[in-house]
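Visitor: model the structure of this input:
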Amino acid sequence: MLAKLLRALVGMLLLTAAAAAAQPFPNRPVTIVVPYAAGGGTDAVARALAQALTRHWSRPVVVENVAGADGLIGAEKVIRAPADGYTMMIGISQILLYRATMPEAKIDVLKELKFVSMLQHAPISFAVAPVIPARDFREFAAYCKASKTGCTWGSATKQTQLIGRALMDQAGIPEAVNINYKGTAPMLTDVLGGHVSLGIVAVTAVQSHQRAGTLKVLNVGSTERYRQMPNVPTLRESGIDLTADTWYGLMVPAGTPPAIFEAIAVAVKAVSTDPQLLATIEQNGGQALFTDPGAFAEHVRNEAQELDRLLKKYPPRE
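Guide: From the prediction side, this is the model:
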């Protein structure tokens, strides 16, 4: 009797699982992990995307902030999650440095994540206080060389630290001292106060200061001038052969089934014209850039190769 009951129970469970699998994706709430604290630019874009997808799917899409270790803790949570499409992540280009800067974590995002769509991009900016007598980075380098005390530059991520080292080398001021901060806010406070000569940070973080005149953005790292700062030259226009951009993108665990992955990609494409989502990206200083999975993956691979080239020349520092 007991054996029959157990067989019947197992059969019911199998039927329930099969029925759930047969339902269209999603059939329950979806979570987007943000590997940073609430309130930042990544969080704002994630919440706008979650609202747009909620409207599109008629299913709840919630945001979960899992901050720590430069985004690594949140990335690990997504990589280890069931690959069923119900746990996604919005990551930024910084994640491509985990393998080199945090080898103990044994994470290779190129192998352990699938890239659904880029959402936005924004160049890295190079900002100084108005008292610094320089209009672009070429003039800033000349100012540093003429200064008796030299110059300092601030970074708040491994990515901007790497870019800064390459930039100072190319500009002929490798002796400029780097101060690496635990966050963008304290770094910008020191730049605003004149305690640090230059801040290297995503343009989204300095746009309001530039508009208010409390900071000067000398250059942007994009290949073309940034639409929201048309008067600011690129690094290449100032004779620096370097590109420095940052992007936000949606990712899922690598084992996500093709049909579910495709369903997510189709949904993101459908909401890519959502007015509220586009307004949030614009308000945060970014430029919307929705791509198909193939284009996103190719961009990530190319950027990873460029970062590997820089890392060989400028190995990570503590």
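Visitor: longest strand of the chain?
Guide: strand 113-128 (DSSP state E).
Visitor: for the stretch 151-300 of the chain, give me the ranges with low pLDDT.
Guide: Counting by pLDDT under 70, the stretch 151-300 of the chain contains no low-confidence segment.
Visitor: so which residues of it form strands?
Guide: Ranges of strands in the stretch 151-300 of the chain, per DSSP state E, counting those that start in this stretch, are 152-155, 177-180, 198-202, 216-220, 245-253, 287-288.
Visitor: what's the fifth one packed up against?
Guide: In this structure, strand 245-253 packs against helix 41-57, helix 72-80, strand 87-92, strand 113-128, helix 258-271, helix 293-313, with contacts taken as 3 or more C-beta pairs under 8 Å, 6 or more residues apart in numbering; DSSP states H and E. In this view, the C-beta of every residue, glycine as well, is placed from N, C-alpha and C.
Visitor: one more time with 7 Å, if that's ok
Guide: strand 87-92, strand 113-128, helix 258-271 (3 or more C-beta pairs under 7 Å, 6 or more residues apart in numbering; DSSP states H and E).
Visitor: contacts for that strand next, please.
Guide: 42, 45, 78-79, 81, 83, 85, 88-93, 113-124, 202, 221-222, 261, 264, 268, 296 (C-beta atoms under 7 Å, 6 or more residues apart in numbering).
Visitor: and stretch 43-55, by the same measure?
Guide: 32, 34, 36, 60-63, 65, 90, 119-120, 248, 267, 271, 274, 276-277, 280-281, 284.
Visitor: who are the contact partners of Trp271?
Guide: One correction, residue 271 is Val, not Trp. 52-53, 56, 277.
Visitor: among the residues you listed, which pair sits farthest apart?
Guide: His56 and Leu277 (10.5 Å; C-beta to C-beta).
Visitor: so for these two, which residue has more residues nearby?
Guide: Leu277 (24 against 15; other C-beta atoms under 10 Å).
Visitor: tell me who's in contact with the one residue sitting closest to the centre of the chain.
Guide: Closest residue to the average C-alpha location of the chain: Ile92 at 1.6 Å, with C-alpha atoms, centre = their mean. By C-beta under 7 Å, 6+ apart, the residues touching Ile92 are 42, 246-248.
Visitor: tell me how far it lies from Asp308.
Guide: Distance, Ile92 to Asp308, using C-beta to C-beta, to the nearest Å: 18 Å.
Visitor: could you do Asn231 as well?
Guide: 34 Å.
Visitor: which one of those two has more residues nearby?
Guide: Asp308 (13 against 8).
Visitor: not counting sequence-adjacent ones, nearest residue to the more buried one?
Guide: Distances taken as C-beta to C-beta, 6 or more residues apart in numbering put Ala100 closest to Asp308, at 7.7 Å, once the chain neighbours are dropped.
Visitor: which strand or helix spans the one you found?
Guide: helix 98-101 (DSSP states H and E).
Visitor: list the buried residues in that helix.
Guide: By 16 or more other C-beta atoms under 10 Å, the buried positions in helix 98-101 come out as 98-101.
Visitor: now stretch 212-221
Guide: 215-221.
Visitor: please convert these to TSV, extending it with distance to Ala142.
Guide: Listed next are those as TSV, based on distance: C-beta to C-beta, whole Å:
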residue	distance to Ala142
Leu215	20
Lys216	15
Val217	18
Leu218	12
Asn219	14
Val220	20
Gly221	20
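Visitor: out of these, the closest to Glu175 would be?
Guide: For these, the nearest to Glu175 is Leu218 (19.1 Å; C-beta to C-beta).
Visitor: I figured that closest one hits Ile132, correct?
Guide: No: between Leu218 and Ile132 no contact is recorded; they are 8.5 Å apart, counting by C-beta atoms under 7 Å.
Visitor: report the set of residues contacting both of the two.
Guide: Phe140.
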